[in-house]
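Q: Everything below, folded, please.
(chains A and B)
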Protein chains: 2
Amino acid sequence: MSAPPSAPRSNLPSKPRLVMKFGGTSVADMDRIRSAAARVRREVDAGYEVAVIVSAMAGETNRLVAHVREASETPGSNSPGFFDAREYDSVVASGEQVTSGLLAITLQEMGVPARSWAGWQVPVRTSAAHGAARIEEIDTAKLDERFAMGMHAVIAGFQGVSAEGRITTLGRGGSDTTAVAFAAALGAERCDIYTDVDGVYTTDPRIERRARKLERISFEEMLELASLGAKVLQTRSVELAMNYGVKLMVRSSFSDDPGTLVCPEEEIVEKNVVSGIAAERGQAKVTLLKVADRPGVAASIFGSLADGGVNVDMIVQNISEEGHTDMTFSCAEDDVQRARSLLENAKDAIGYREIVVDEDVAKVSVVGVGMRSHSGVAKTMFGALAADGVNIKVITTSEIKVSVLIDRKYMELAVQSLHSAFGLDKG
Amino acid sequence: MSAPPSAPRSNLPSKPRLVMKFGGTSVADMDRIRSAAARVRREVDAGYEVAVIVSAMAGETNRLVAHVREASETPGSNSPGFFDAREYDSVVASGEQVTSGLLAITLQEMGVPARSWAGWQVPVRTSAAHGAARIEEIDTAKLDERFAMGMHAVIAGFQGVSAEGRITTLGRGGSDTTAVAFAAALGAERCDIYTDVDGVYTTDPRIERRARKLERISFEEMLELASLGAKVLQTRSVELAMNYGVKLMVRSSFSDDPGTLVCPEEEIVEKNVVSGIAAERGQAKVTLLKVADRPGVAASIFGSLADGGVNVDMIVQNISEEGHTDMTFSCAEDDVQRARSLLENAKDAIGYREIVVDEDVAKVSVVGVGMRSHSGVAKTMFGALAADGVNIKVITTSEIKVSVLIDRKYMELAVQSLHSAFGLDKG
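A: Numbering: from 1, shown residues only, chains lettered A, B, ... in the order given. Just a heads-up that it's a prediction; the model follows:
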């Protein structure tokens, strides 16, 4: 990770600190902004020094991006659709700047001393990779000074400033990362991520009505779930929280229910063998038949795909037979046509007979730190799927996860069946 | 004036420089932005190093201001309607930031190397009077460097940065001032103000169809016209241009017609006795009857009004009779109720019998540097008005201007009559 917190403060803070992050739907209009401000005031009243990280008002980023796309499609252009990412960043980062000012005013109206900070004002120093910049350093000196004066901070998320002095953005979802980086840099007690869901569930409640909200989940599990498509937190923000030991709380800005605490494994007393079931619909399976089984062939296949920007997920190689093997991998459905043409172009170099594409698959995964010490997980999983007649196409495992690729039409059934098989509906 | 240009450049520029400013209607949408970009490219092709100053897209500033107002009216607030001007500035300045990025992208698409600059990036150093900040210094070092690399500049108008590092705005219309300040600091050959009118006219063409566009007008005349309500250029920008000898060209972003050059008087060969007729509708006349004619009475009247924020325009005192006089002044119609209550509160201190308010008046002025050497202007003016039966209520004169207050219903007639009397329709 490339976001070291600033040097530890020499003087311990007189008050505990809290980072609160509000996503786009949580600041969508002035009513929502007032509701966010009321939550901030509650924490201020509870004795915290609060740094609030805000996203752009829902819809704003899309509006600004649409402007940029239109600008970049100027008729007669030599490179239609291309745009200067530095300009993109400057345009798009204005959305968070607006929200931070509005929330600061609202807090002041409620009697909470607060001011807004754009990324460059803090400053949040980032790499120059515009549109996907990495936070390199957060200089908290000015914030510390203001906290000491009783002034709380409202910080524009998702943005920073390059060494060159240009505005950078961290890419979509970067406000979560901003929040965690500030929590680390400020030595905050906790980083509360307010969003439109009220926590992390055992599985997607739209698929399984008996899905339960988890009180706690470990960083490792959250990372697997985030990268598996449970769109609650951005993967990078979870990695950063894990590396710096920042406790993350996912909670709803629409209710007062306690959320889910994402924390180190040691702080979870009752570990479940399996904590959650994740499902990803838009997957595709690609098989190369009769690949010559010689050294370097995998490198040439996956090298071509990586060079072409295709993100390969699961990989399985069959047992070799008569000097040939079949090579199967999965990727996002959106990438499959690109993958096919990349492989067709490299057919001579790789040497295979045929490409078979199955675009009608889904990935279902069970995740849990408890499975490290329980060997029966795969058995329970495969047994439950078999009992429902679900055929498994590809299997991969990690220390705390078992994933299978199945026909897409069975996805919901598989989730429900596994949710029950691992006792997740029982709490 | 408080906007000195930066120190003169030690090396003369290899190319002449041009500042081009586009107002809100000239960058209202992507079509208009592309049209502005095409004009910039034309000047670049003609050999100029170009600095473009942009306003927010038409409507954006109002949208952002409405958000701020809503935020500042949070229910339960101790000070509804009040807002922190620093936060206001940060929110509102985002509008110009967006336009500058979009225009930079569009220029790049057209093959013109360009980058955007927010006020703080240049930097444009201003006073800390948020919402009405004054430019103190423009550091052009970074711009000069980029110009030398063939890179043109798109600069967010209307904004700067305070010594404290907060975003400031110059107040409405401040983009004109930004443009002139840059023209001075960069040593530009000219400052072109692109707007939705195609120049400065002898009078308002909506009132007098035979109004003609002026090829040239002097700074002094433009200042009088600007302050008299010909809303083409912001007064402050004209003052600044005059003080630094920046040639201003007012021109249309909707046509290719040559505009009007605002320049030093010496550069106007054929001086008109009168260059233009200005009319202001929303005026009111206030008379205090039977004011005690003693020293200090005027100070107490106009002191009360100034302290109460009423901007008094014309002032006339009648000849004293039996130790009493009548005092008449004009102000904006919007201020007249405030003026009345301020004067009523100070009735004992001032000592007068009655207040008479006439809210149905207009101000008509003739302006021209030529009248310095022609004594007949007032005679021609009053004669023309008398011939049309227009009664004159108040008269004031300056070196290059004669203004009269008349019944509002005669305003159009007076303008037309004077336009003809001074031969302005004949070119």
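
Q: what does the stretch 201-350 of chain A put close to chain B?
A: Residues of the stretch 201-350 of chain A lying near chain B by Cβ under 8 Å from any Cβ of the partner chain: none. (Each C-beta comes from the backbone N, C-alpha and C, glycine too.)

Q: For the spatially most central residue of chain A, which non-adjacent residue is closest in space?
A: Centroid check for chain A by Cα atoms, centre = their mean gives A:Gln234 as the closest residue, at 1.7 Å. Residue nearest to A:Gln234 in three dimensions, not counting chain neighbours: A:Gly173, with 3.7 Å by Cβ to Cβ, 6 or more residues apart in numbering or on different chains.

Q: per-residue pLDDT, the one you found?
A: You'll see A:Gly173 listed with a pLDDT of 70.

Q: Same question for A:Ile167.
A: Predicted confidence (pLDDT) for A:Ile167: 97.

Q: Name all residues that make contact with it.
A: A:Arg86, A:Asp89, A:Ser90, A:Ala93, A:Gly119, A:Trp120, A:Gln159, A:Gly160, A:Val161, B:Ala118 (Cβ atoms under 8 Å, 6 or more residues apart in numbering or on different chains).

Q: Could you measure from it over to B:Ser365?
A: 46 Å (Cβ to Cβ, to the nearest Å).

Q: now swap in A:Lys363 and tell me
A: A:Lys363 is 78 Å from B:Ser365, by Cβ to Cβ.

Q: thinking again about what came up before, filter the contacts of A:Ile167 down to the ones in strands?
A: Using DSSP state E, the members of the contacts of A:Ile167 that fall within strands are A:Gln159, A:Gly160, A:Val161.

Q: Quick check: the second one touching A:Ala129?
A: No. With contact defined as Cβ atoms under 8 Å, A:Gly160 does not reach A:Ala129; the gap is 10.8 Å.

Q: Look at those two and report which has more neighbours.
A: In terms of neighbours (other Cβ atoms under 10 Å in any protein chain shown), A:Gly160 is the more surrounded of A:Gly160 and A:Ala129; the figures are 30 against 14.

Q: Can you check the pLDDT for A:Val369?
A: Here, the pLDDT recorded for A:Val369 equals 88.

Q: and it, how many neighbours does it have?
A: 22.

Q: again, but for A:Asp348
A: 7.

Q: Check the one 10 residues further on too.
A: If you count neighbours by other Cβ under 10 Å, A:Asp358 ends up with 17.

Q: That one - nearest residue in space that isn't next to it in sequence?
A: In space, A:Asp358 is closest to A:Lys285, 4.3 Å off (Cβ to Cβ, 6+ apart).

Q: Is it correct that the one you found is in contact with A:Val361?
A: Yes. With contacts counted by Cβ under 8 Å, A:Lys285 reaches A:Val361, the gap being 5.0 Å.

Q: what residues are shared contacts of these two?
A: Residues touching both A:Lys285 and A:Val361 (Cβ under 8 Å, 6+ apart): A:Ser330, A:Lys393, A:Leu405.

Q: I'd like the distance between the first one and A:Thr396.
A: This points to A:Ser330. 9 Å.

Q: If you count surrounding residues, which of those two has more?
A: The neighbour count for A:Ser330 versus A:Thr396, taken as other Cβ under 10 Å, is higher for A:Ser330 (24 against 16).

Q: Below-threshold pLDDT in the stretch 1-150 of chain A: ranges please.
A: Across the stretch 1-150 of chain A, the ranges flagged by pLDDT under 70 are A:1-13, A:76-81.

Q: So which residues of it form strands?
A: Here the stretch 1-150 of chain A has its strands, by DSSP state E, counting those that start in this stretch, at A:17-22, A:49-54, A:114-117, A:124-126, A:135-138.

Q: so which of these comes closest to B:Arg216?
A: B:Arg216 sits nearest to strand A:114-117 of all the strands of the stretch 1-150 of chain A, at 45.7 Å, using Cβ to Cβ.

Q: Not counting that closest one itself, show me its contacts.
A: Contacts of strand A:114-117 (Cβ under 8 Å, 6+ apart): A:40, A:52, A:97, A:100-101, A:103-104, A:107-108, A:143, A:146, A:151-156, B:84, B:86-87, B:90.

Q: C-alpha coordinates for it, CSV please?
A: C-alpha atoms of strand A:114-117 as CSV (Å, rounded to 0.1, in the frame of the first residue of the first chain):
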residue,chain,number,x,y,z
ALA,A,114,-16.3,23.4,10.9
ARG,A,115,-14.5,24.3,7.7
SER,A,116,-14.2,22.7,4.3
TRP,A,117,-10.9,21.4,2.9
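
Q: who does it pair up with?
A: strand A:152-156 (parallel) (DSSP bridges).

Q: buried sites along stretch A:42-50?
A: Residues of stretch A:42-50 classed as buried by neighbour count (16 or more other Cβ atoms under 10 Å in any protein chain shown): A:Glu43, A:Val44, A:Tyr48, A:Glu49, A:Val50.
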